[in-house]
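Colleague: sequence unavailable; structure follows:
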């Protein structure tokens, strides 16, 4: 099945073509317009998606050596994400699917992050535990089967990714914050500053990073020149890593799982490696599925003591996950989806659905918004 995946949940416009487990093309455009603001401006992000979607999709189709008529389905991120940016991607995809008369499926991209692990390890079997760490979410999931999940723990306030971005702003490092902090942390001492680690010694499987951000703000306001930014960054980063690892292992123990394979978003290289080092100290035999976005744990006694996998490029992650979601979903209902929840409150969607009968029309009306 040849599927077009469209991603527009935040500040990256992306499209990929997948066919029978093989990625034929992947095109991503990251929005640099937000750098001067130190974070994503939703309105600007939405407008950038509107400008780029046509050209990104067109390029993905050409790089795959296909034509529009070759597409058999479209998968598009329906959430979570910014309302305006999601609407841009959904409107575009819905209009294109209608014009081509092919199925379209809205994807929960957090669920899809979980199933991106199947790209790193096609032999992956249920059940497994996934630590999902993204810009807006920090969660630990017990994945029992397709559509059967148990949330073991999450953050009660900020996500780890947000803590990195806000921390970088406090340190004056710019946006995006994760890579900026990691660059400094590489040459810093992670023990220089004893930042708080919320719930670290509690039995609860829960995260909280708002207090950590406040602690960093107060520390920098104290004008303590004795500690370098490299040391502050390394200490701040280590505080986040420590609680992520501790609660993950706690959840694994509670559910009688062994940690045996790990995967990460490659975007934050030093944090990735710092996480790996922390895990290896606790679990020497663990191995890693590079760039697969989430951490996976095998069931104790399942025989899956060691699992290997190939690398997944981070720019392709959101696109890969859409492919897997539509692949699984079409097992149950291969019809064109008309989910009211997916397209609610969208007058533009009605116009697109009725008027955009072909890609040429879609392309000529790309300034609709």
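Modeller: Perfect, thanks for sending it. Computed from a predicted structure; not experimentally measured. Numbering: from 1, shown residues only.
Colleague: report the buried residues of stretch 73-83.
Modeller: 73, 74, 75, 76, 77, 78, 79, 81, 82 (16 or more other CB atoms under 10 Å). Heads up, the C-betas are built off the backbone N, CA and C, glycines and all.
Colleague: what sits against the second one?
Modeller: Looking back up the chat, that one is residue 74. 3, 4, 5, 6, 93, 96, 97, 102, 103, 104, 105, 326 (CB atoms under 8 Å, 6 or more residues apart in numbering).
Colleague: quick check: residue 124 is in a helix.
Modeller: No. In this structure, residue 124 is coil, not part of a helix, as judged by DSSP: H, G, I helix; E, B strand; the rest coil.
Colleague: and the strands in the stretch 151-300 of the chain, which stretches?
Modeller: Per DSSP state E, counting those that start in this stretch, the stretch 151-300 of the chain has strands spanning 206-207, 257-263, 287-289, 294-299. These are given in chain order.
Colleague: how is this structure divided into domains?
Modeller: What the record gives for the chain is the domain set 2-113+315-364, 123-311, from automatic domain parsing.
Colleague: need those in TSV with mean pLDDT, can you?
Modeller: Listed next are the domains of the chain as TSV, based on pLDDT from 0 to 100:
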stretch	mean pLDDT
domain 2-113+315-364	76
domain 123-311	77
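Colleague: mind listing what's buried in stretch 13-28?
Modeller: Of the residues in stretch 13-28, those buried (16+ other CB under 10 Å) are 13, 14, 15, 16, 17, 18, 23, 24, 25, 26, 27, 28.
Colleague: among those, which ones are in strands?
Modeller: When those are checked against strands (DSSP state E), the matches are 13, 14, 15, 16, 17, 18, 23, 24, 25, 26, 27, 28.
Colleague: ok, so of those residues, who is nearest residue 34?
Modeller: residue 13 (13.0 Å; CB to CB).
Colleague: quick one: contacts for the closest one?
Modeller: Applying CB under 8 Å, 6+ apart, the residues near residue 13 are 7, 28, 29, 31, 48, 49, 52, 53, 56.
Colleague: and it, how close does it get to residue 204?
Modeller: 39 Å (CB to CB, to the nearest Å).
Colleague: same check, this time on residue 38
Modeller: Residue 38 is 33 Å from residue 204, by CB to CB.
Colleague: what about those two, which has more around it?
Modeller: residue 38 (17 against 10; other CB atoms under 10 Å).
Colleague: give the contact list for the more buried one.
Modeller: Residue 38 makes contact with 169, 174, 175, according to CB under 8 Å, 6+ apart.
Colleague: isn't the first one right next to residue 181, touching?
Modeller: No. Judged on CB atoms under 8 Å, residue 169 makes no contact with residue 181 at a distance of 10.4 Å.
Colleague: can you map out the helices along the protein?
Modeller: For the chain, the helices defined by DSSP state H occupy 42-63, 83-100, 109-115, 117-120, 160-171, 177-185, 210-221, 229-254, 269-282, 314-329, 347-355, 359-364.
Colleague: so for residue 142, which of those sits nearest?
Modeller: Evaluated over those, closeness to residue 142 peaks at helix 229-254, with 7.9 Å, by CB to CB.
Colleague: tell me what angle that closest one forms with helix 160-171.
Modeller: 160 degrees (axes from the mean of the first three to the mean of the last three CA atoms, to 10 degrees).
Colleague: for helix 229-254, list every residue counted as buried.
Modeller: 229-252.
Colleague: so residue 82 makes contact with residue 47?
Modeller: No. If you go by CB under 8 Å, residue 82 and residue 47 don't touch, sitting 11.9 Å apart.
Colleague: between the two ends of stretch 10-27, how far is it?
Modeller: End-to-end span of stretch 10-27 (CA to CA, to the nearest Å): 16 Å.
Colleague: can I get the ones in strands among the buried residues of stretch 13-28 in a markdown table with distance to residue 159?
Modeller: What follows is those, written out as a markdown table (distance: CB to CB, whole Å):
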| residue | distance to residue 159 |
| --- | --- |
| 13 | 22 |
| 14 | 21 |
| 15 | 26 |
| 16 | 25 |
| 17 | 30 |
| 18 | 28 |
| 23 | 28 |
| 24 | 32 |
| 25 | 30 |
| 26 | 25 |
| 27 | 27 |
| 28 | 22 |
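Colleague: what about residue 169 and residue 181, which has more around it?
Modeller: When residue 169 and residue 181 are compared for neighbours, residue 181 comes out ahead with 28 against 17, by other CB under 10 Å.
Colleague: list the contacts for the residue lying closest to the more buried one once chain neighbours are set aside?
Modeller: Of all residues not flanking residue 181 in the chain, residue 233 sits nearest, at 4.8 Å (CB to CB, 6 or more residues apart in numbering). Residues counted as contacts of residue 233 (CB under 8 Å, 6+ apart) are 171, 173, 181, 182, 184, 185, 188.
Colleague: show me which of those is closest to residue 112.
Modeller: After measuring the contacts of residue 233 against residue 112 - CB to CB - the closest member comes out as residue 182, at 25.3 Å.
Colleague: since we're on that closest one, how many residues are nearby?
Modeller: Residue 182: 22 neighbours (other CB under 10 Å).
Colleague: before we move on, the earlier item: out of the helices of the chain, flag the one nearest residue 196.
Modeller: Of all those, helix 210-221 comes closest under CB to CB, at 5.3 Å.
Colleague: and the angle for that closest one with helix 160-171?
Modeller: Using the same axes, to 10 degrees: helix 210-221 against helix 160-171 is 10 degrees.
Colleague: so which elements touch helix 210-221?
Modeller: In terms of contacts (3 or more CB pairs under 8 Å, 6 or more residues apart in numbering; DSSP states H and E), helix 210-221 is packed against helix 160-171, helix 229-254.
Colleague: could you dump those to JSON lines with distance to residue 113?
Modeller: Shown next, in JSON lines, are the helices and strands packed on helix 210-221 (distance: least, CB to CB, whole Å):
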{"stretch": "helix 160-171", "distance to residue 113": "12"}
{"stretch": "helix 229-254", "distance to residue 113": "15"}
